[in-house]
Structure formats: C-alpha cells, structure tokens
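Visitor: Okay, predicted coordinates and the sequence, questions at the end:
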Amino acid sequence: MTILDIIAKKRDGKSLTKEEIEFFINGYTKGEIADYQVAALIMAIYIKGMTDEEIVNLTLAMANSGEVLDLKELNKVIVDKHSTGGVGDKVSLILLPLVASCGVTVAKMSGRGLGFTGGTADKLESIPGYRTNLEVKEFINNVKNIGISMISQSLNLAPADKKIYELRDAISCVESIPLIASSIMSKKIASGADKIVIDVTVGKGAFMKDEKSAKMLADEMIKIGSLAGKETVCILTNMDEPLGYSVGNLLEVKEAVKALQGHIAEDVKDVVLELGAYMLMFAGITKNVEEAKDILEMNLVNGKGYEKFIELVKAQGGDTSYISDLDNFETSKYIEPIYSEEEGYICEMDAKKIGNLVCSLGAGRIEKEDKIDKTVGIIFEKKVGDFVDKSEVLGYLHVNKSEQLETAKESLNEIIKIRKEKPEVKKTIINIIK
Ligand code: URA
C-alpha cells in the first residue's frame, strides 16, 4: 500500500478501506507522509466525498492517533459540548460553569481561533494567570474537586485532527461534511465524553450556510456517535449575525461574566438554555427540557453559575480580582463610536465579514503562529431588527493602532445594512436533531 495509490483511488471517486485510512492517518501523524500528499488527498475527499463507513473509520483512526482519555475513575457521566464555530460565540464560557453549578461534570478541551471564528481557549487566556495547558493529572483533579475544568487542546488527544485541521485551513478545505464530522467527533471520543451536545451553527458566519447542509452534518455526527456508543444531540443555531453584543477575546469574556451575573443577551440565552437543557438531561439531572431550563435560569439569577466560574478561574491559576471587577482588565488604546449614516432598521450584520474585520484588527490568527491581541474587537449596541436614527451609535470599535480606525469604521458602515422596511428576525434555535 502506498500513499500514491490511496490518493489516486479517492481522486477517482472510489471508497477507501479501513486499512487505507489508518495507513494515511498513522503515517501523517508520525510525519512519514508529506503535507503536500495529505493536502492532495484531503482535496480529493472534499470533492468526491466519503461513505458513512469511510467517515466512521476516519473518525476512529483520528481519535486513536494519540492518547484516549479514560475518565471512568470519576464515576460520572461526562457530557461534552462542541460548536462548529461562530463569531461572538461566548457560549462555552457561560454554559459550562452554569451546567457545572447544576451538577453536570464538565471536562472540556477547547479550541483556538483560526480564521474568522474565535476560540474559547484564547478567550480564557485573556484572564491574567489562567492556565489552559494543564497536565492530565491537574485537569482530572479540577474536575474531581470542583466539577469542571476547561483547557486547550494541549494534551496529546487526536493529534491527527490537529494536523489535518491546520492543513485544511491552509488549502481552503474546511467546509466539508465528512471532514468536519470526523474532526469534531474524533476529539470528543479522544477526550473521554460519554454523551455529546453539539451546537451546529448555520448561516453567513458558519461553515454550514443553510439548514439542509447543517442537518446533513448533524445526521453524520449522530451516526458516528451512535456507532461509538456516545449518545449525541445536535442543536442547529442561527449564525447570520454575531452572537450577543461583543466580538473579540477580552470583550467576550466580559460579556460572558455579565451574562453569568444575570445580564444576558436574548440570543445568547436561547443557545445557553437549549444546549444546557440537553446537557442536564444527558447527565440524568432531569428528564424534561422545560424543567431543565428552569433550573438553569435559576442558577443564572441566583449567581451559582457565576460562583462556579470564579471557582474555575481560581483552580486554573487565574486572578479572580479581574472577574469581580471587570474594570481591572486592560483595554485597547482607542475606543471609538461608530455612527449610523442613515435612519431605518438594521437588516444585516454579516457575521463572517465582522469576524474577518475583528481578526484583521489583531483578535485572530491569520497564520497559526500569530500572536493575538486580546483587547481589540467590537461592542455592538444594536442587533438585526433594531431601529436606528441617523447618527445614532451602532457600536464601539476597540483598536490599538490608530491607522486602523478609519478603514474599520468605513468597513463596518458597509457591513451593517440599514433599510426602511423592518426585516423578519430569524429565530436563534433553528432545529434540534437527535
Ligand atoms: N470545528 C472542529 O473542531 N473541526 C472542524 O472541522 C470544524 C469546526
């Protein structure tokens, strides 16, 4: 068997066997197969697709390419959560301490931002002292002692996915159902999850642009979950406009803290409660969605979710004085209002364009080695469907380079579309696939 035969087989639209898939995953993980050959194979998979059997074999080969965490010693049902990616998506920062405060055991490995989407690990690292690179022992100890730990993909889990994901990003092959499904599920299997809740984002700022393709992705992940013995539910959520009001690492942490103190944007709350309800049900805390949402709302209002977040930050080495007084956080050098150039209703705030703009201000990475600027971003004052007067403030730009101000303002005024007619506002929760 050679990698050349495998590339040619997929190029010609044929199915790969389990042995062929394991050969290329193991060879690539060990560095025995070149990037350019795997790039060719990935492009062939992107164009020709994969059968269900191939996708399952790819997922398992990637999950087994490194360590597979065994969390049985915790004697708990481990319910994990993942998002297919979005802009302004601070859901994990709010949802995970909140469900932990309700008794769900959370052992979460989060990704970093790449391209226009943000990553939870970068956001957590905006908190001075917070360590996302714990050893396995420290990670498990935090889960044992306080019921939650949130780290980056620093452990040797699904290393094949890490390499392939970076390669896909560099060759424009991210938006593929077999590749996304296997990427996400391999990480969940390797990190020891028993049950999985996935936020499948849909729209302009998501990899799946419409409900039909999002449902196909959801069906595929549920199939893989079922074959791997891990019950999975997918919640399709709207990602046409950014979620909540802020985009940018530190700005999103601040929004998340305020949310945990009870001041939560409607769309963020919709996603947190829906995902949280399934996490509570999977953990056996309740059997009923409505009851689960009541429990979650109660812990948002009584501050138990916030207290759990403080415990988490402390346990991971973070300085909690920043959380208890958000004004202690560093800010960007310039904070400038963006004024509306006309009167009318906001009809569109393209999440991908906003994500790209915030990334260009320094909040994201263009190359994987880039350092990110945690203070920059945008805080919006308005959402799609809101009415604005001429010269009313649409939001505030947070930047560190004065030369970026004018072009960023111009871009935002082009991105935010204002019309006379009131638009139909899409629901945040589009569908639930089990
Ligand atoms: N998130 C992942 O972990 N992998 C993908 O391929 C896309 C989103």
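Guide: Nice, thanks for sending it over.
Visitor: pretty sure K254 is touching S246, no?
Guide: Yes - contact criterion C-beta atoms under 8 Å: K254 and S246 qualify, at 7.1 Å. No exception for glycine: its C-beta is placed from N, CA and C like everyone else's.
Visitor: okay, those two: which has more neighbours?
Guide: S246 (26 against 21; other C-beta atoms under 10 Å).
Visitor: who touches the residue of the chain found nearest the ligand in this structure?
Guide: Per C-beta to the nearest ligand atom, S183 is where the chain lies closest to the ligand, at 3.5 Å. The neighbourhood of S183, defined by C-beta atoms under 8 Å, 6 or more residues apart in numbering, consists of M62, D161, I164, Y165.
Visitor: can I get those residues in TSV with neighbour count, pLDDT and distance to C359?
Guide: Putting the contacts of S183 into TSV (neighbours: other C-beta atoms under 10 Å; pLDDT from 0 to 100; distance: C-beta to C-beta, whole Å) gives the following:
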residue	neighbour count	pLDDT	distance to C359
M62	28	97	27
D161	27	94	22
I164	27	95	22
Y165	22	89	17
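Visitor: Among these, which ones are in strands?
Guide: If you go by DSSP state E, those have nothing in strands.
Visitor: any idea whether the residue nearest to L275 when sequence neighbours are not counted is helix, strand or coil?
Guide: Nearest non-adjacent residue to L275, counting by C-beta to C-beta, 6 or more residues apart in numbering: V197, 5.3 Å away. State at V197, reduced to three classes by DSSP: H, G, I helix; E, B strand; the rest coil: strand.
Visitor: before we move on, what about the one 4 residues further on?
Guide: Under three-state DSSP, the three-state class of T201 is strand.
Visitor: Okay, and the beta partners of it?
Guide: Counting by DSSP bridges, T201 forms beta bridges with T237.
Visitor: Surely it is in contact with T84?
Guide: Yes - between T201 and T84 there is a contact under C-beta under 8 Å: 5.3 Å.
Visitor: Which neighbours do those two have in common?
Guide: The contact sets of T201 and T84 overlap at F207, M208 (C-beta under 8 Å, 6+ apart).
Visitor: buried stuff in stretch 169-188?
Guide: For stretch 169-188, burial by neighbour count (16 or more other C-beta atoms under 10 Å) applies to 173-174, 176-188.
Visitor: next one: stretch 305-314
Guide: Residues of stretch 305-314 classed as buried by neighbour count (16+ other C-beta under 10 Å): G305, Y306, K308, F309, I310, E311, L312, V313.
Visitor: need the residues you listed in JSON lines with secondary structure, distance to L41 and pLDDT, can you?
Guide: Listed next are these as JSON lines, based on DSSP: H, G, I helix; E, B strand; the rest coil; distance: C-beta to C-beta, whole Å; pLDDT from 0 to 100:
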{"residue": "G305", "secondary structure": "helix", "distance to L41": "44", "pLDDT": "98"}
{"residue": "Y306", "secondary structure": "helix", "distance to L41": "47", "pLDDT": "98"}
{"residue": "K308", "secondary structure": "helix", "distance to L41": "44", "pLDDT": "98"}
{"residue": "F309", "secondary structure": "helix", "distance to L41": "42", "pLDDT": "98"}
{"residue": "I310", "secondary structure": "helix", "distance to L41": "47", "pLDDT": "98"}
{"residue": "E311", "secondary structure": "helix", "distance to L41": "45", "pLDDT": "98"}
{"residue": "L312", "secondary structure": "helix", "distance to L41": "40", "pLDDT": "98"}
{"residue": "V313", "secondary structure": "helix", "distance to L41": "42", "pLDDT": "98"}
